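*Asks:* predicted structure and sequence below. I'll ask about it afterward.
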2 protein chains.
Amino acid sequence: MRNYRKKILYVAYIASSIDGRIAEHSLDNLSWTSTEDWQFLQNSLKKFDVVIVGRNTYRVAKKNLDKRNAIVLTNKKLKSFGSVKFLKPEKHSIKRYLMNNQYKRVAILGGPRVYDFCLKNKMFDEIFVTIEPYIFTNGIPMFTGEKFKRYNFLLKSIKKLNKKGTLLLHYICK
Amino acid sequence: MRNYRKKILYVAYIASSIDGRIAEHSLDNLSWTSTEDWQFLQNSLKKFDVVIVGRNTYRVAKKNLDKRNAIVLTNKKLKSFGSVKFLKPEKHSIKRYLMNNQYKRVAILGGPRVYDFCLKNKMFDEIFVTIEPYIFTNGIPMFTGEKFKRYNFLLKSIKKLNKKGTLLLHYICK
């Protein structure tokens, strides 16, 4: 019998404006996203073992995240409690933690530095981008990488979530 | 007989990555955009009387733009020639120039400050956003407004331009 170890699946979820802004500021509570996107995200998360977020996202969504298995990436020394684990953003420590807990399905919920960290470290198999029909012209960009780099994706599906035209795009990392 | 003056139509064209980046730097020649997007843009431009661009976009696309009626927005004092007019970005001078030349259909081709200027000044009726299936994590954002502001749009249509999943989204300004 082969020693078969199932690969961990990483899926990122992002809600964005047409112009690629995901928040007004780092503690934005995203009140501008549609009900349909919120429902889609909540339904999707049922299929995941754990979520990864940054500290600002954690602070904004603490009430919801404390109920889940959550990894909060932060350079600050913070005491983990219950199902919430604070970890330094290092690939090995995260992988070890996921394996030790037998987590196989990981949802990445942002913000931009967490998305960037996961993409750079090959912890980014799929992405669901919800595009709300707004232009903000300023605010927090989807990714804040240190330099311009091209990551290729393949469009898997498109879905219109409501009448005003909130779009859900599903891409696979190539 | 009524003195009927047809409204000027402003349509913006933007090619973007999934994460809302439109170029690596301000003199990027956009070699990463798809042939299908290029063809769509060239076909679309046939229906316009004039294009509006910023100085960097003009420098990159000079060869193509010199053949067209073009307004280049710049604060520098530059001498207009042929069909290319250099104008300071002030709404009144642009409107006057459009009216004097009886231009009714205006295509806005960027970059981010030009898109922002037109959106802020209600010279932005429709927008065609082409989303290429890449994430860049850094680079020039679609808009560089001074502050976060919500502009509402209505999704009019979606079209998949090729197999890898370049998407063309058409929005109307609400």
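*Replies:* The structure has been received and is ready for your questions.
*Asks:* from here on, contacts and neighbour counts on C-alpha atoms
*Replies:* Noted.
*Asks:* by mean pLDDT, flag the weakest helix or strand of chain A.
*Replies:* Within chain A, judged by mean pLDDT, DSSP states H and E, the helix or strand with the poorest mean is helix A:91-100; its value is a mean of 91.
*Asks:* next secondary structure after it?
*Replies:* Toward the C-terminal end, the helix or strand that comes next after helix A:91-100 (DSSP states H and E) is strand A:105-108.
*Asks:* so, low pLDDT: which residues of chain A?
*Replies:* For chain A, applying pLDDT under 70 flags the ranges A:1-6.
*Asks:* tell me which parts of it are close to chain B?
*Replies:* Counting by C-alpha under 8 Å from any C-alpha of the partner chain, the residues of chain A close to chain B are A:18-21, A:24, A:116, A:133-139, A:141-156, A:164-166, A:171.
*Asks:* just the buried subset of these, please.
*Replies:* Restricting these to buried positions leaves A:18-21, A:24, A:116, A:133-139, A:141-145, A:148, A:153-155, A:165-166, A:171, with burial counted as 16 or more other C-alpha atoms under 10 Å in any protein chain shown.
*Asks:* among the residues you listed, which ones are in strands?
*Replies:* Within those, membership in strands is found for A:21, A:134, A:135, A:141, A:153, A:154, A:155, A:171, as judged by DSSP state E.
*Asks:* do I have it right that the fifth one meets residue B:163?
*Replies:* No. Here residue A:153 does not reach residue B:163: they are 11.8 Å apart, not a contact under C-alpha atoms under 8 Å.
*Asks:* what about stretch A:130-140, start to end distance?
*Replies:* Counting by C-alpha to C-alpha, to the nearest Å, the length from the leading to the trailing residue of stretch A:130-140 is 16 Å.
*Asks:* and for that stretch, what are the contacting residues?
*Replies:* With C-alpha atoms under 8 Å, 6 or more residues apart in numbering or on different chains as the test, stretch A:130-140 has contacts from A:13-19, A:21-26, A:33-34, A:37, A:112, A:164-169, B:116, B:142-155, B:171.
*Asks:* likewise stretch A:93-102?
*Replies:* Stretch A:93-102 is touched from outside by A:87, A:104, with contacts defined as C-alpha under 8 Å, 6+ apart.
*Asks:* quick one: that stretch to chain centroid distance?
*Replies:* Relative to its parent chain, stretch A:93-102 has a centroid offset of 18 Å by C-alpha atoms, centre = their mean, to the nearest Å.
*Asks:* can you pull the buried residues of that stretch?
*Replies:* By neighbour count with 16+ other C-alpha under 10 Å, stretch A:93-102 contains the buried residues A:94, A:98.
*Asks:* quick one: strands adjacent to the helix or strand hosting residue A:169?
*Replies:* Element membership for residue A:169 (DSSP H and E) is strand A:167-173. Here the strand partners of strand A:167-173, with direction, are listed using DSSP bridges: strand A:126-131 (antiparallel), strand A:151-160 (antiparallel).
*Asks:* tell me which of these sits nearest to residue B:123.
*Replies:* Taking C-alpha to C-alpha as the measure, the strands paired with strand A:167-173 were each checked against residue B:123, and strand A:126-131 came out nearest at 22.9 Å.
*Asks:* that closest one: which residues count as buried?
*Replies:* Using 16+ other C-alpha under 10 Å as the burial criterion, the residues of strand A:126-131 that qualify are A:126, A:127, A:128, A:129, A:130, A:131.
*Asks:* now swap in stretch A:74-94 and tell me
*Replies:* Neighbour-count burial for stretch A:74-94 flags A:74, A:84, A:85, A:86, A:87, A:88, A:89, A:94 (criterion: 16+ other C-alpha under 10 Å).
*Asks:* quote the end-to-end distance of it.
*Replies:* Per C-alpha to C-alpha, stretch A:74-94 runs 12 Å from first to last residue.
*Asks:* please compute how far it lies from its chain's middle.
*Replies:* Averaged over its C-alpha atoms, stretch A:74-94 has a centre that lies 16 Å from its chain's centre (C-alpha atoms, centre = their mean).
*Asks:* can you check stretch A:99-108 too?
*Replies:* 14 Å.
*Asks:* CA atoms only: put it into CSV for me.
*Replies:* The C-alpha coordinates for stretch A:99-108 follow below in CSV (Å, rounded to 0.1, in the frame of the first residue of the first chain):
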residue,chain,number,x,y,z
MET,A,99,-0.4,19.0,9.4
ASN,A,100,-0.4,18.6,13.2
ASN,A,101,-4.1,19.4,13.2
GLN,A,102,-4.8,17.3,10.1
TYR,A,103,-6.3,20.3,8.4
LYS,A,104,-6.7,19.6,4.7
ARG,A,105,-8.9,22.4,3.4
VAL,A,106,-7.7,26.0,4.1
ALA,A,107,-9.6,29.2,3.3
ILE,A,108,-7.6,32.4,2.9
